[in-house]
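A.B. asks: could you work out the structure for the sequence below:
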Amino acid sequence: MKKNKIAIACQGGGSQTAFTAGVLKSFFKNDVHKKKDIVSFSGTSGGAVCATLSWYSLLKAENGDTTPVDQRLTNFWRDNSTQNPMEEAFNDSLVKSVQLIDKGMIPEWKISPDSFFSKTMLSASEAMLPRKDFYDFKGLLESYIDFKELKTLVKPSSPVLMLGAANVLSGEFKKFNSRKIDEIQVEAILASAAVPSIFPAVQIGKDAYWDGLFSDNPPTDELLDRDFVGENHIPDELWVIQINPKTCKTVPRTPAEIADRRNEMIGNESLFQDLKHIHMVNKFLKKRAFTKEFVEQRKLKPVDIFIIEMSQELLDNLDYSSKLNRNAKYIRHLMEDGEKQGERFLKNPSEMRHSL
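C.D. replies: Next up is the predicted model:
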């Protein structure tokens, strides 16, 4: 029987994307990759990390690796979270400082990540922390993904990977695309995750890139475009793992509430614009507004959209500062909620179907 083709898009959100890792873990534990045809992944920032680890794990499995597909995700987030008292103290002080700044209780210092002061503080922190995996994000990614190996793993039938970032110099949105396999390097993930207030812009060739929050978060409509993914990778369904909630219960009034809600709305803006565009094309196809020749040439077809979100209980206890929180207990809690929501979706997809 012909398998449904699935595209999975992972929204960014710092440490909160451990939730995404939990959702993806539930998919792999339930053999979604065997029951469905996963034709593409996309991601931005933390979502780019989860998407790339999942994509790479599937490539390895297709080439005979017997490692459980979800294991890299689980182990990466374990290594990216606190594992000793020194890391916990460093993490907790950072999160608490951001919370106090957001509440207006202490002043915010505007310091460039490229400044001498920032680099000195970073060096001091690294000297204080005993475990390199906790502060060397590039090295941690490279320990889980052999980027030099990718050319030997990718086949025409392999899923497509697309990572969102923003070109600082041109102002254009960038999609690092595995169909141009040289684009998928560790720098592409670092570029997608380079929050300007924390990390310097990532230089790739003559261009420099910032966090994909300024771009598509995550790329979605490109996953339906034959020019980006190829004719055989057009999905029947788009599964979006969303981090930022669409609504809030009350009008934000405190500085912390305003900062949190502003971040959520900005993070969702491009996603909802893209989903509206997909719904519009679906409507046009239903009304037969396109010529038959155009539909066949572009390989257009209606695409069902599903959105997997955090539980309300979890959302009620998150704020902007929690996107920086790498406390091991907190990361496990996010992943557990992701697994729960992923299981819920697989049991009853219709309740998470997205409509305008």
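
A.B. asks: quick one, helices of the stretch 201-350 of the chain?
C.D. replies: Counting by DSSP state H, counting those that start in this stretch, the stretch 201-350 of the chain forms helices over residues 226-229, 255-286, 292-298, 312-315, 328-347, given from the N-terminal end onward.

A.B. asks: save these as JSON lines, and put in mean pLDDT and mean neighbour count too.
C.D. replies: Every C-beta, even on glycine, is put in place using the N, C-alpha and C of the backbone. As requested, the helices of the stretch 201-350 of the chain are arranged in JSON lines below (pLDDT from 0 to 100; neighbours: other Cβ atoms under 10 Å):
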{"stretch": "helix 226-229", "mean pLDDT": "94", "mean neighbour count": "16"}
{"stretch": "helix 255-286", "mean pLDDT": "87", "mean neighbour count": "16"}
{"stretch": "helix 292-298", "mean pLDDT": "90", "mean neighbour count": "11"}
{"stretch": "helix 312-315", "mean pLDDT": "92", "mean neighbour count": "14"}
{"stretch": "helix 328-347", "mean pLDDT": "97", "mean neighbour count": "19"}
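
A.B. asks: and Ile243, which of those helices is closest to it?
C.D. replies: In this view, those are compared for proximity to Ile243 by Cβ to Cβ, and helix 255-286 is the closest at 7.2 Å.

A.B. asks: for the stretch 1-150 of the chain, give me the ranges with low pLDDT.
C.D. replies: 103, 108-112, 115-118 (pLDDT under 70).

A.B. asks: and the helices in it, which stretches?
C.D. replies: According to DSSP H, counting those that start in this stretch, the helices that the stretch 1-150 of the chain contains are 18-29, 32-35, 46-62, 71-79, 85-102, 116-128, 132-135, 137-144, 150-153.

A.B. asks: tell me the most buried of those?
C.D. replies: helix 18-29 (a mean of 27; mean count of other Cβ atoms under 10 Å).

A.B. asks: other SSEs contacting that helix?
C.D. replies: The criterion is 3 or more Cβ pairs under 8 Å, 6 or more residues apart in numbering; DSSP states H and E, and the helices and strands that helix 18-29 contacts are strand 5-10, helix 46-62, helix 71-79, strand 237-241, helix 328-347.

A.B. asks: could you give the angle of that helix to strand 5-10?
C.D. replies: Orientation check (axes from the mean of the first three to the mean of the last three Cα atoms, to 10 degrees): helix 18-29 against strand 5-10 gives 160 degrees.

A.B. asks: mind putting the helices of the stretch 1-150 of the chain in JSON lines, distance to Ile305 included?
C.D. replies: Compiled in JSON lines, those are given as follows (distance: least, Cβ to Cβ, whole Å):
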{"stretch": "helix 18-29", "distance to Ile305": "16"}
{"stretch": "helix 32-35", "distance to Ile305": "17"}
{"stretch": "helix 46-62", "distance to Ile305": "17"}
{"stretch": "helix 71-79", "distance to Ile305": "23"}
{"stretch": "helix 85-102", "distance to Ile305": "33"}
{"stretch": "helix 116-128", "distance to Ile305": "41"}
{"stretch": "helix 132-135", "distance to Ile305": "36"}
{"stretch": "helix 137-144", "distance to Ile305": "30"}
{"stretch": "helix 150-153", "distance to Ile305": "29"}
